[in-house]
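[1] Turn this into a structure:
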Amino acid sequence: MSGEVTERSVGAIHADEASVASAVAAVGGVHVALLADRSVDGWHRAVEAAGPSSPGRSSLISVDETVRGGAVSASPASGGQPVGDGVTVATVEAPLFEPSQYLETVLADLGDDLGDDGTVVVDDVGALVPADADVDSIVPGLVEAAAASGLEFHTSVTTNDDAVLSALSRRVPADDDAERPLTERLIAHLRRSDPTNFGYLRHHWREARRGLTAVEMSYPQSKQIHASIPDPETTPRTLGAALQALVTLGALDVWGDTVAANRYDLTRYDPARVDTIGSILTRSAESPAG
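    Numbers count the residues shown, from 1 in each chain. Predicted structure coming up:
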């Protein structure tokens with residue numbers, strides 16, 4: 001894993017589905033997959049082929065987006081149809097009213113089969129989430145539901161929703177092959193969705209990195225980070241805009257659900273991600289089209 005990531009649930013964001021399948025096969029144990037982008041048969045074959053080991057029991061759930069845009073008002077039953085070799089197959093209609101509650105129900109049904117090893121895979125987290133939902137509350141719930149059952153959470157950069165991928169990147173580290181493509185995708189998302197903060201980050205990412213390195217607090221406000229920078233070029237406001245951009249890019253997080261958005265969680269600070277961001281921004285600035 002890249003970066004000095006702390007206090008994140010185990011698992012990874014991978015570069016592609018083949019890497020996800022390899023991780024699932026390597027971990028073994030119990031495997032739960034919610035699959036919107038491929039068939040359960042295709043996924044099962046991919047995991048079996050990834051070997052050399054494989055999950056001892058698999059619950060493979062096909063996500064059917066028949067009501068995209070609204071939410072199923074109640075969590076559907078999680079039970080599936082056994083098909084042999086420890087594999088159970090089910091279908092769920094999505095998006096879900098409470099995605100994390102649904103995953104918790106699936107995991108609870110596994111009961112004594114849960115052990116110290118296992119994986120949860122969601123190939124497209126966005127497919128589970130209602131269009132008007134707060135992804136910054138739903139995504140942590142999914143990751144934490146897996147962790148509470150002792151399972152790793154895995155997905156790939158190819159998940160289809162940029163806002164969901166941004167939220168995932170603050171909870172699940174990227175593996176080495178995924179770090180740069182993940183960061184490039186998130187930068188493109190930031191540039192489209194928040195061009196103002198993208199501009200501040202492009203000009204001030206080095207100063208933001210200096211402040212995050214210098215500040216001696218775990219949950220500082222932007223003005224406290226700014227005060228730790230000798231001879232700053234930024235103001236607290238412009239530095240805060242650059243810091244908010246780093247949150248979107250998964251290098252930093254905000255603290256708590258009830259405090260102002262300019263109090264940051266440095267226990268989730270990823271300096272290696274900032275270095276990758278800086279490398280991409282510098283290359284872009286130096287290119288003829290930059």
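[2] So what does the nearest residue to residue 12 once chain neighbours are set aside look like in phi/psi?
    Leaving aside its sequence neighbours, residue 12 sits nearest to residue 175 (C-beta to C-beta, 6 or more residues apart in numbering; 4.6 Å). Yep, even glycine has a C-beta here, placed from its N, CA and C like the rest. Backbone torsions of residue 175, given as degrees, to the nearest 10, read phi -80, psi 170.
[3] just checking, residue 175 touches residue 13?
    Yes - judged on C-beta atoms under 8 Å, residue 175 makes contact with residue 13 at a distance of 7.1 Å.
[4] more crowded one of the two?
    Using other C-beta atoms under 10 Å as the criterion, residue 175 and residue 13 rank with residue 13 on top: 26 against 20.
[5] Against residue 20, how distant is the residue nearest to residue 12?
    10 Å (C-beta to C-beta, to the nearest Å).
[6] pLDDT (mean, whole number) over stretch 22-34?
    Taken as a whole, stretch 22-34 carries a mean pLDDT of 94.
[7] Kindly report the same for stretch 227-247.
    96.
[8] does residue 18 count as helix, strand or coil?
    Secondary structure assignment for residue 18 (DSSP: H, G, I helix; E, B strand; the rest coil): helix.
[9] Could you measure from it over to residue 149?
    25 Å.
[10] between those two, who's got more neighbours?
    Using other C-beta under 10 Å, the more surrounded residue of residue 18 and residue 149 is residue 149, with 19 against 13.
[11] what about the strands in the protein?
    Applying DSSP state E to the chain gives strands spanning 11-14, 30-35, 57-64, 81-84, 87-93, 118-122, 152-156, 253-254, 264-265.
[12] could the ones you listed be laid out in TSV, adding distance to residue 128?
    As requested, the strands of the chain are exported to TSV (distance: least, C-beta to C-beta, whole Å):
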stretch	distance to residue 128
strand 11-14	16
strand 30-35	7
strand 57-64	7
strand 81-84	21
strand 87-93	8
strand 118-122	7
strand 152-156	11
strand 253-254	21
strand 264-265	25
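[13] Nearest to residue 145 among these would be which one?
    strand 118-122 (7.8 Å; C-beta to C-beta).
[14] Pick out the residue closest to the middle of the protein.
    Centroid check for the chain by C-alpha atoms, centre = their mean gives residue 168 as the closest residue, at 1.5 Å.
[15] excluding its backbone neighbours, what's nearest it?
    In space, residue 168 is closest to residue 139, 5.6 Å off (C-beta to C-beta, 6+ apart).
[16] count of neighbours near that neighbour?
    Close neighbours of residue 139, defined as other C-beta under 10 Å, add up to 29.
[17] Run the chain-centre distance for stretch 264-276.
    Distance of stretch 264-276 from its chain centroid, counting by C-alpha atoms, centre = their mean, to the nearest Å, is 14 Å.
[18] and that stretch, average pLDDT?
    Averaged across stretch 264-276, pLDDT comes to 94.
[19] ok, now stretch 140-153?
    Rounded mean pLDDT across stretch 140-153 is 93.
[20] likewise stretch 93-104?
    What stretch 93-104 shows for mean pLDDT is 91.
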